[in-house]
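>>> Next come a sequence and a model predicted from it.
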Amino acid sequence: MDLFKVYKLWDIEPVKGLGTTLWDSKGVEYTDLYGGHAVISIGHCHPHYVEMLSAQLQKLGFYSNAVQNSLQRDLAERLGRISGYEDYSLFLCNSGAEANENAIKLASFKTGRSKVLAFGKAFHGRTSGAVAVTDNPKIQAPFNRTDNVDFVPLNDVDAVDRKLCKCEYAAVIIEGIQGVAGIYEPTDEFLQTLRGLCDKYGTCLILDEVQSGYGRSGRFFAHQYSGVRPDIITTAKGMGNGFPIGGVLIAPHIAPESGMLGTTFGGNHLACTAALAVLDVIENEHLVQNAAKVGEYFRKAFEGDAAIAEYRGRGLMIGLEIKPEYAGLRDRLLFEEHFFTGAAGAQVIRLLPALNITQETASRFVASWQKLTK
């Protein structure tokens with residue numbers, strides 16, 4: 001049996017990691033500025049993370065959600081306090097797509113409505129409901145296409161108002177920062193107006209912080225720059241630093257009934273331990289602040305760079321749109337300079353490093369970039 005082809009694969013197999021460093025099966029050393037799609041939030045094999053998971057695995061790896069699990073309660077309390085959402089409740093699942101599925105379902109339960117409004121270039125996952133609100137026909141099977149989802153341009157207040165005024169939408173779902181699209185931000189003013197329109201028309205506001213959350217933007221959640229409080233927030237990726245876990249933060253006025261949502265593996269003992277270890281490190285090592293600081297270093301270092309058509313993003317969620325004459329730069333950064341980066345199409349290089357990246361590592365990348373583009 002062969003493996004199903006998910007992505008085009010580079011001929012590189014990482015077998016060891018520490019912090020922002022990776023080694024492949026041939027012993028070649030790389031610097032990781034992508035974190036496996038923004039998943040590695042506290043660095044590879046952080047000692048505290050390894051210690052906590054190892055200790056938990058020696059006690060109990062899994063039991064079902066039919067029994068008490070104090071690790072879940074600890075995680076909810078810690079996440080609420082650190083994020084500033086102490087009065088919200090937490091539903092635990094396994095991935096960002098799953099979190100978005102449950103968020104949409106909750107909004108539909110709450111409002112009794114079936115339609116959802118999403119935004120151009122959005123990406124919310126590949127499961128049925130999540131892909132339906134993703135603006136990419138290439139990954140939507142006919143089964144996923146539905147008249148219950150409409151798309152409008154990002155930051156277009158009038159387009160949103162024309163839809164929501166019909167009072168038939170259960171939810172608006174929006175990314176804190178659009179990642180897969182190439183790092184596009186809703187403006188703070190747009191999010192504030194969107195919050196007001198949702199209130200006016202009885203629509204739930206869902207903030208998808210799967211990629212942009214957990215400190216990546218320089219705030220715990222990217223939408224917190226705007227000061228809005230969503231009805232539902234979804235998170236995953238950096239939440240477990242590689243261990244699969246997702247979460248749905250639910251405002252108190254939503255108050256789902258017992259049994260509305262369910263999961264087999266969500267919130268298992270190992271997943272909660274991983275998430276607690278991540279929060280320990282984020283808090284103790286001041287990683288949200290570091291993301292803001294190193295992100296600002298990158299912004300200033302790339303200001304006016306001749307290879308860059310546009311710099312987008314906040315903190316350590318960065319999109320570098322390169323000019324057409326620099327096509328192939330991402331491959332050169334990998335194979336010549338040994339830096340892992342991400343991409344969004346052919347023209348955007350994405351930087352999503354661990355939040356504990358040092359300014360020294362950032363400056364090495366800038367030097368390599370300038371070496372290849374001079």
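That came through, no problem.

>>> give the contact list for residue 333.
339, 341, 349, 368, 369, 372 (Cβ atoms under 8 Å, 6 or more residues apart in numbering). No exception for glycine: its C-beta is placed from N, CA and C like everyone else's.

>>> now the residues you listed: which count as buried?
339, 341, 349, 368, 369 (16 or more other Cβ atoms under 10 Å).

>>> Specify which member of these is nearest to residue 243.
Closest approach to residue 243 among these (Cβ to Cβ): residue 341, at 23.5 Å.

>>> what sits against the nearest residue in space to residue 119 that is not next to it in sequence?
Distances taken as Cβ to Cβ, 6 or more residues apart in numbering place residue 154 nearest to residue 119, at 4.7 Å, with adjacent residues excluded. Contacts for residue 154 (Cβ under 8 Å, 6+ apart) come out as 119, 120, 121, 174, 178, 184, 186, 190.

>>> of all those residues, which two lie farthest apart?
Farthest pair in those, by Cβ to Cβ: 121 and 190, 14.5 Å.

>>> In helices, which of the buried ones among the contacts of residue 333 appear?
Of the buried ones among the contacts of residue 333, the ones assigned to helices by DSSP state H are 368, 369.

>>> Need the max-distance pair from the buried ones among the contacts of residue 333.
349 and 368 (12.3 Å).

>>> A helix includes residue 86, no?
No. Counting by DSSP: H, G, I helix; E, B strand; the rest coil, residue 86 is located in no helix; its state is coil.

>>> And it, how far from residue 80?
Distance, residue 86 to residue 80, by Cβ to Cβ, to the nearest Å: 4 Å.

>>> So the two - more neighbours on which side?
residue 80 (16 against 11; other Cβ atoms under 10 Å).

>>> Residue 90 is in contact with the more buried one, correct?
Yes. With contacts counted by Cβ atoms under 8 Å, residue 80 reaches residue 90, the gap being 7.4 Å.

>>> who touches residue 230 in this structure?
Applying Cβ under 8 Å, 6+ apart to residue 230 gives the contacts 195, 205, 206, 207, 223, 251.

>>> Validate this expectation: the second one resides in a strand.
Right, residue 205. Yes. According to three-state DSSP, residue 205 belongs to a strand.
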